[in-house]
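Novice: Starting from these lines, generate the structure:
(chains A, B, C and D, ligands or ions: 6)
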Amino acid sequence: MTKIDLTTRLGSLQLKNPVLTASGTYGFGEEYKAFYDPSLLGAITVKGITPLPRRGNPAPRVAETPSGMLNAVGLENPGLEAFLATHLPKLEKLNTPVIVNISGFSLDDYRLLAASMPEDSCIAALEVNISCPNIKGGGLAFGTDPRSAEEVLKITRRHTRLPLIAKLSPNVTDIVVMAKAVENGGADIISLINTLLGMRIDLKTGRPVLGNIMGGLSGPAVLPVAVRMVYQVYQAVKLPIIGMGGISSWQDAVEFMLAGAAAVGVGTANFVNPMAPLEILRGLETYCREQGYGAVREIVGLAHR
Amino acid sequence: MTKIDLTTRLGSLQLKNPVLTASGTYGFGEEYKAFYDPSLLGAITVKGITPLPRRGNPAPRVAETPSGMLNAVGLENPGLEAFLATHLPKLEKLNTPVIVNISGFSLDDYRLLAASMPEDSCIAALEVNISCPNIKGGGLAFGTDPRSAEEVLKITRRHTRLPLIAKLSPNVTDIVVMAKAVENGGADIISLINTLLGMRIDLKTGRPVLGNIMGGLSGPAVLPVAVRMVYQVYQAVKLPIIGMGGISSWQDAVEFMLAGAAAVGVGTANFVNPMAPLEILRGLETYCREQGYGAVREIVGLAHR
Amino acid sequence: MLHRETVIENRPLAPGSDLYRLVLKGAVAATAQPGQFVHLQVGVATDPLLRRPISIAGSDRAKGEVTLFYRVAGRGTALLTRVRAEESLSVIGPVGKGFTVPAAGELLLVAGGIGLFPLLALAAAVDRSRVKVKVLWGGENRSFLETVGRATLFPLGMDYAVATLDGSMGHRGMVTDLLRAELSAELFRKGETGPQNVAGMAAVAGGGRGGQRVIAAAACGPKGMLQAVTGLLLHAGVPVEVSLEERMACGVGACLGCACTVRTADGALARKRVCRDGPVFDGKEVVWVDQD
Amino acid sequence: MLHRETVIENRPLAPGSDLYRLVLKGAVAATAQPGQFVHLQVGVATDPLLRRPISIAGSDRAKGEVTLFYRVAGRGTALLTRVRAEESLSVIGPVGKGFTVPAAGELLLVAGGIGLFPLLALAAAVDRSRVKVKVLWGGENRSFLETVGRATLFPLGMDYAVATLDGSMGHRGMVTDLLRAELSAELFRKGETGPQNVAGMAAVAGGGRGGQRVIAAAACGPKGMLQAVTGLLLHAGVPVEVSLEERMACGVGACLGCACTVRTADGALARKRVCRDGPVFDGKEVVWVDQD
Ligand SMILES: Cc1cc2nc3c(=O)[nH]c(=O)nc-3n(C[C@H](O)[C@H](O)[C@H](O)COP(=O)(O)OP(=O)(O)OC[C@H]3O[C@@H](n4cnc5c(N)ncnc54)[C@H](O)[C@@H]3O)c2cc1C
Ligand SMILES: Cc1cc2nc3c(=O)[nH]c(=O)nc-3n(C[C@H](O)[C@H](O)[C@H](O)COP(=O)(O)OP(=O)(O)OC[C@H]3O[C@@H](n4cnc5c(N)ncnc54)[C@H](O)[C@@H]3O)c2cc1C
Ligand SMILES: Cc1cc2nc3c(=O)[nH]c(=O)nc-3n(C[C@H](O)[C@H](O)[C@H](O)COP(=O)(O)O)c2cc1C
Ligand SMILES: Cc1cc2nc3c(=O)[nH]c(=O)nc-3n(C[C@H](O)[C@H](O)[C@H](O)COP(=O)(O)O)c2cc1C
Ligand code: FES
Ligand code: FES
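Specialist: Ligands and ions are numbered 1, 2, ... in the order given. Now for the predicted structure:
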C-alpha cells in the first residue's frame, strides 16, 4: 500500500494531518481520551476562553433540529487564569498541537488573551472567535462588521507571535468581505463556519426552547452553507482555510477540501460518533490512495478547476 | 366540536385560513390538483414571473442535503405575456386566491410586472421576490441591500393597488434592517424566508453538483433559521408576517405562528408529502381546539409573552 | 395519485446482491403504463428528505401489483432495503409519460445496465404475436447481467443479445456495437460502411437481414449511451423513444427541478420536465448536451 | 466506552403500551454502576441527529446484559422501537456518576413516573440483608403503575407504596404525601406538625415508626417533584441523592450542553454537567431554579 502524505501546511502552521476538532465540541481534550488518543489528530481546538470565568447560559442549552442542533452554552469557560493554571498543563500531556479559541467582548479582551498565551507551550495557534457581541461597540458582533473584525485581528496580531486563525461567522451578507477584512487585519489562517443563528419554540410551553432564546445552529443541516462559504472564500483570499460545519464523514471532508479547505474541523459529529475524527482521517487516506493522489493536500481546491 | 375560526387577516388581505403554498414549489397550481382541491388552502403562490420568458439553469438543478435540498432552477418561467394569456385563465378556474411572485433584475422589471397584473382577477396579492441580482446595480441582490429593497417596494407600490408582500432573503447580516426597509418602501406584508445560499460538490466528478454551482437551500434544515428571523421581525416591525422555511407538519406551523407569523407557507414539504398543506391546516385546527383557542389568529406571536 | 401500497416482497435478486425486487400491492397497478415510474418515500424522518423515482418494471392489474427493481446506489435506496413485507410505503404514482406501445412490426429495446427495468414493462405490454421484440443489453460484467437477467429477461423467451465491457458475457464491448450490427442493413442503405471493429457482430446480434423492416426502438440507460444509441437509430431511420433520468424533487411537475432540453418542431430550444413531460421523450427532440 | 451492543429484547411492556424494555448484550454490563446511563444512537441517518440518554435499570454481569426501560416520548424513542432483536446498537456507556450504595441502614427510594428506572438499579445493588429498602412511587394512574410495576418493582418483594394523581391506585395524591407520612417521625422531631391533608397516610405508607433511624434516600422524577422531595428529606435530616435530567448532546462532558446549577461548599454558584458530574447529585447542592 502506498503511503499517503497527510501533512498539511496552514501558513506557518504545519500539521501532521488535516483533521482537527472544532472549538466547543471537544472540551479541553480530556473527554474523548476514553475513545482514542487525541494525538492522532492534526490538532485539537479547545473551548473558547474569555478573560474572566463565565457560568454561561441557563438550561436548556441545547435543542435538536432536523439534521442539526442549536446550542446556547453562552461561552461557559473557566477563564484565562484557570485555563493557564489547570487546563494547559493537562493539555501539554496530550502530546498534540492545541489551538486555543479566544473570545472577547471588547478589543481589550482580545489583547489580554493574545498577550497571555505562552508561545512555547503545546499551543500551536490561536483561533480568534469574532462571533461575540462587541459590548463597548454597541453590542453588534465583531464578526458581522468588517472594520471591527479587522481591528480584532490587528490588536491580537500585535500581542502574539503565534499563528492566528480568524474564525468567521456565517451570519453575514457577504462572507468574502469578512474574509478580506481579517486578511487585512493580519490573520494567517481563516476558519469557517461558526454557527448560524437560529431558534426553536417548545409547543408544550409556547416559549423558546433555549434558556437564551436564540442559539447557534450546527451539524449536517448547515453543511451546504459552509461548503459554499469555503468555496467563495477560497476564490477571494490567499489564506489557507480550515473548513467546518456539519462534517460527519470522510465524504463530507473531501467536499470541503475540494471546495478549498486545507484542513477540516469536526464539531457536532463528535457528539453523534465519538470516533468520527479518526474515521474521517482514515477515509481521507483511503480516498487519496484510490484516486491516485500521493498527498492529501493535492485535492485542496480541485472543485475550482 | 367547537368550530375554530381559521380566518386570517394580513393587512388588507383577508384569507379563509392561514396555510399558503410557497412560490416555486407549487407550479401554477395545476400539479397538485390531482391530490386535493387547492381552493381548500388560504391561497396559493405561483412560480416567480419575470417580464420575459426564461429557460432557467442547466441540469442538475436540485441536490439533496441533510434534511434539505438545494435548487438552482434559475427562475425558469413562461414570462409575463404567456402568464397572463395562458396561466392566469387556468388559475382563475381554481377558485382560490392567487399570490403572484414577481421577480426582476432591474427596477424597470418590477415596475412593468406590477403595472401589468390585473387588479380584478383571482390575483389577491403580489409577492415581491427581491432575492435576484440587481443587474444594473452591480449584480448584488436587491434583497441584501436595504436601499435597493426599499426602492423596489416603492416602485412596485406606485404601479398597483394589489396588496404587496415583500419576500425577504435570509442571506443578510441583519434581517430586521431589511424588514424595516421594505416597511418603509410600502410593503403591506412580509414573507420570509427565501432560500439560504448553499452548494455541494459531487465526489464522483469533483465538481459542484449543481449546473449553476450554487443554489438555494430549503426544507427542514433551515427551519431554525427561519423561526429565528420571524421572531426577530415580529419584534421590530408592525407588518403581518407570512412565515416559511422547512414547514412540514402542523407542529412546525404552530412554531412559526407562536414566533409571530400570521400565515405560513409550505414549500419543499409539498415534494415529500403532497398532502402536507391540508394536513397542516387540519392540525392547526385541532391544536386550537385542544388548547382552547377559538380562532387560530389568537396564537400569533404568543412566544413573545 | 398518492397511495399507501403494501409491500409484498422486497428482496435481493441473489444472496448478497445490491439489486432488489420490490413488489407493491395497491392502486398503482390499475393505471400503470410502460415507461411510467413511481416516486417512493424511502424513510420516515427528514433525512434523506426527498422521494426516490423508480421505474415500473411490470404490473399485474388482476392482482393489483407492480414490480420494481432497484439497485442500492446511496442512502435512499439503502434505507429502502430495510422495509419489510407487509409494511406499507407511501407512493406517488404512476407518474410520467410512458412509451408508445407499437401494434405491429419490430421493436428494438436497447438497454444499458439497470436501464433494462422500464423496458421490461414495455416488452410485457406489446402483443408479441404481432410485434417482434428484440432486446440489446449492455452491462459491466457477467455477474450483473446474470443476476438481473435471470430474474427478468432470460425467462421471457424473448430474443436478446448482450454485451459486457469486460467480455465476461456476450460481446466484449458496448451495446452500441450490438446495435450497429443489428442495424447493419439499415445503416448500409444509408451509406454507412457497416460495423467497424466488430467483426462478425452481425451474427452475434442475430441481425443483418437484408429485407426492409418496420422497426421502432426504445432505449434506457446512461446518458452517454442513450446519446450514441439515439444517434445510430436516427441515422438508420429508426424512430426511437428514450427514457431519461434526472435528479428529481417533486416528481409531479411542480418544482422544475428535473429539466432537460429539447429542440421543438420550430427549432427553438425549450426545457421540459423529465418527471411529467417525460421520462420518455422522442429521441429526435432531445438535446444531449445541456445548454445555458 | 463506545460499543456495539446486541439487542436481546426490545418489546413493549404490555401489548400496545408505549413503555418498552430493551435488553442489550455487550461490554456495558461489566462496569455499569447504579445511576449511570447509556447514550444510544437511535437512527442511521442524520435526523434525528443526537443520541438519547437512557438509564441503566439493571445489569447482569454474568450474562453481560443490561436492561433499560424507555417510554416513547418523541421521534427518537419512536425510532428505537423499530430496532429488532439480534440487530446491534451503537452505545456510549456506561456514563455518568451514579448513586452511593449504602452498606447498612434504611434506604428510601422516591420515584416519580419513569424516574423509577434508575432506582431499580440501585435497589438491585444494595445488600438487602443489611439494608432495608422501601420504594415510594407516584404515577399518573393505575394503568401506568401496573404496566411498569408488574415488569419491574412488584415481583421484587420489596416494600413499596404508590400514589396516583387520579386515585386509581394507592394513595390519591402525590409521592410527596407518601414521603411526608414515611418521614412523620423525623419531621415531628424537627417540629413539623406532621402530614396535613393525608389523614391516615402514615398507615398507608407503613411508616411513622417512633425510633431513630439511619436513613438515606435516592430520588428520580420530574424536576418539581425532585425539588419538593429533596426539601422534605433535607428538612427531616435525611441525606438524599437525586438523579437529574437535562437535554444532552455529547453525553460525555465535552459540549457543556447539559448544565445544571449547584451551590458549592463555599456558597458560590457553579455549573455542573449532568452527563459527567451527574446525573446523580447530592440533593443539598442542587439549585433548583436555574440562575443566569
Ligand atoms: C425516472 C427515473 C426512473 C428510475 N428508475 C430506476 C429503477 O427502476 N431502478 C433503479 O435502481 N434506479 C432507478 N432510477 C434511479 C434512482 O432513482 C436513483 O438511483 C436513486 O434515486 C438513488 O437514490 P439513493 O438515495 O440511493 O442515492 P443517492 O445517495 O441519492 O445518490 C447516489 C448517487 O447517484 C446519483 N444520483 C442520485 N439520483 C440520481 C438521478 N436521478 N439521476 C442521476 N444521478 C443520480 C447521486 O449523485 C449519487 O452519486 C430512476 C431514476 C429516474 C429519474
Ligand atoms: C440521564 C438521563 C436518563 C434518562 N433515562 C431514561 C429512561 O431510563 N427511560 C426513559 O424513558 N427516558 C429516560 N430519559 C429521558 C429520555 O432521554 C428522553 O425521553 C428521550 O431522549 C426523548 O427522546 P425522543 O426523541 O423520543 O423525544 P424528543 O422528540 O426529543 O422529545 C420529546 C419531548 O421530550 C422533551 N425532552 C427530550 N429530551 C429531554 C430531556 N433530556 N430532558 C427533558 N425533556 C426532554 C422534549 O422537549 C419534547 O417535549 C433520560 C434522560 C436523561 C437525561
Ligand atoms: C456546543 C457547541 C459549542 C461551541 N462553542 C464554540 C466556541 O466556544 N467557540 C467557537 O469559536 N465556536 C464554538 N462552536 C462552533 C463550532 O466550533 C463549529 O464552528 C460549529 O459547530 C460548526 O461545525 P459543526 O457543524 O461540525 O459542529 C460551538 C459549537 C457547538 C455545537
Ligand atoms: C424548487 C424551488 C423553487 C423556488 N422558486 C422560488 C421563486 O420562484 N420565487 C421565490 O420567491 N421563492 C422561490 N423559492 C423559495 C420558496 O418559496 C421558499 O421561500 C423556500 O423554499 C423556503 O421554504 P421551504 O423550506 O418550505 O421550501 C423556491 C424554492 C424551491 C425549493
Ligand atoms: S421533479 Fe419537480 S418538476 Fe420534475
Ligand atoms: S451533554 Fe455534553 S456536556 Fe453533558
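Novice: which residues touch the closest residue to A:Glu285 other than its chain neighbours?
Specialist: Distance criterion C-beta to C-beta, 6 or more residues apart in numbering or on different chains; nearest residue to A:Glu285, sequence neighbours excluded, is A:Ile4 at 4.9 Å. Heads up, the C-betas are built off the backbone N, CA and C, glycines and all. Shown in contact with A:Ile4 (C-beta atoms under 8 Å, 6 or more residues apart in numbering or on different chains): A:285, A:288-289, A:293-296.
Novice: export those residues to CSV and tack on pLDDT and distance to C:Asp159?
Specialist: Output for these, formatted as CSV (pLDDT from 0 to 100; distance: C-beta to C-beta, whole Å):
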residue, pLDDT, distance to C:Asp159
A:Glu285, 97, 50
A:Cys288, 96, 47
A:Arg289, 95, 45
A:Tyr293, 96, 47
A:Gly294, 96, 51
A:Ala295, 97, 53
A:Val296, 97, 52
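Novice: which of those count as buried?
Specialist: Among the contacts of A:Ile4, those classed as buried by neighbour count (16 or more other C-beta atoms under 10 Å in any protein chain shown) are A:285, A:288, A:293, A:296.
Novice: Quick check, the third one in contact with A:Val300.
Specialist: If I follow you right, that is A:Tyr293. No: using C-beta atoms under 8 Å, A:Tyr293 makes no contact with A:Val300, being 10.4 Å away.
Novice: give me the low-pLDDT residue ranges for the chain?
Specialist: As the question left the chain open, I've gone with chain A. Scanning chain A for pLDDT under 70 picks out the ranges A:134-135, A:137-139.
Novice: Wait, chain C was what I had in mind.
Specialist: C:191-212, C:291-292.
Novice: One more pass at 90, please.
Specialist: C:43-45, C:157, C:181-215, C:236-237, C:264-268, C:289-292 (pLDDT under 90).
Novice: related to what we said a few turns ago, backbone torsions only: list them for the residue nearest to A:Glu285.
Specialist: phi -90, psi 130 (degrees, to the nearest 10).
Novice: can you give me the helices in the stretch 151-292 of chain C?
Specialist: Using DSSP state H, counting those that start in this stretch, the helices of the stretch 151-292 of chain C run over C:175-182, C:184-189, C:201-205, C:223-235.
Novice: Of all the ones you listed, which one comes closest to D:Glu182?
Specialist: helix C:223-235 (76.5 Å; C-beta to C-beta).
Novice: Give me the contact list for the closest one.
Specialist: Outside helix C:223-235, the residues that touch it by C-beta under 8 Å, 6+ apart are C:108, C:110, C:112, C:115, C:138, C:174-176, C:179-180, C:183, C:187, C:190, C:192, C:217, C:219-221, C:239-240, C:242, C:244-245, C:283-284, C:286, C:288.
Novice: Quick one: buried ones out of those residues?
Specialist: Buried among the contacts of helix C:223-235 by 16+ other C-beta under 10 Å: C:108, C:110, C:112, C:115, C:138, C:174-176, C:179-180, C:183, C:187, C:192, C:217, C:219-221, C:240, C:242, C:244-245, C:283, C:286.
Novice: Residues of chain C that sit close to ligand 5?
Specialist: Counting by C-beta under 6 Å from any ligand atom, the residues of chain C close to ligand 5 are C:248-251, C:253-258, C:273, C:275.
Novice: So what does the closest residue to ligand 2 within chain A look like in phi/psi?
Specialist: The nearest approach of chain A to ligand 2 comes at A:Lys204, 5.4 Å away (C-beta to the nearest ligand atom). Here is the backbone geometry of A:Lys204 (degrees, to the nearest 10): phi -70, psi -40.
Novice: Could you list which residues are in contact with the residue of the stretch 1-150 of chain A found nearest ligand 3?
Specialist: Per C-beta to the nearest ligand atom, A:Gly24 is where the stretch 1-150 of chain A lies closest to ligand 3, at 1.9 Å. Contacts for A:Gly24 (C-beta under 8 Å, 6+ apart) come out as A:47-48, A:71, A:73, A:101, A:267, D:255-256.
Novice: Let me know the closest of these to B:Met199.
Specialist: A:Gly267 (19.6 Å).
Novice: ok, and the closest non-adjacent residue to that closest one?
Specialist: Per C-beta to C-beta, 6+ apart, closest to A:Gly267 is A:Ala22, 3.2 Å.
Novice: Now do the contacts for that neighbour.
Specialist: A:45, A:244, A:265-268.
Novice: Okay, and which of those residues map to strands?
Specialist: Mapping the contacts of A:Ala22 onto strands (DSSP state E) picks out A:45, A:244, A:265-266.
Novice: Let's have these in CSV, adding neighbour count.
Specialist: Shown next, in CSV, are these (neighbours: other C-beta atoms under 10 Å in any protein chain shown):
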residue, neighbour count
A:Thr45, 30
A:Met244, 33
A:Gly265, 32
A:Val266, 28
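Novice: Pretty sure A:Val227 sits in a strand.
Specialist: No: going by DSSP: H, G, I helix; E, B strand; the rest coil, the assignment for A:Val227 is helix, not a strand.
Novice: Any idea how many residues pack against it?
Specialist: Residues contacting A:Val227 under the criterion other C-beta atoms under 10 Å in any protein chain shown number 30.
Novice: and what of A:Ile123?
Specialist: 20.
Novice: Quick one: residues contacting it.
Specialist: Contacts of A:Ile123 by C-beta under 8 Å, 6+ apart are A:88, A:98-100, A:117, A:162.
Novice: And those residues, which is closest to chain B?
Specialist: Nearest to chain B among the contacts of A:Ile123: A:Ile99, at 25.6 Å, using C-beta to the nearest C-beta.
Novice: That closest one touches A:Val128, doesn't it?
Specialist: No: A:Ile99 sits out of contact with A:Val128 when judged by C-beta under 8 Å, with a separation of 10.6 Å.
Novice: who touches both of these two?
Specialist: Joint contacts of A:Ile99 and A:Val128 (C-beta under 8 Å, 6+ apart) are A:Ile165.
Novice: ok, back up a step: angles on the backbone of the residue of the stretch 1-150 of chain A closest to ligand 3, please.
Specialist: phi 90, psi -10.
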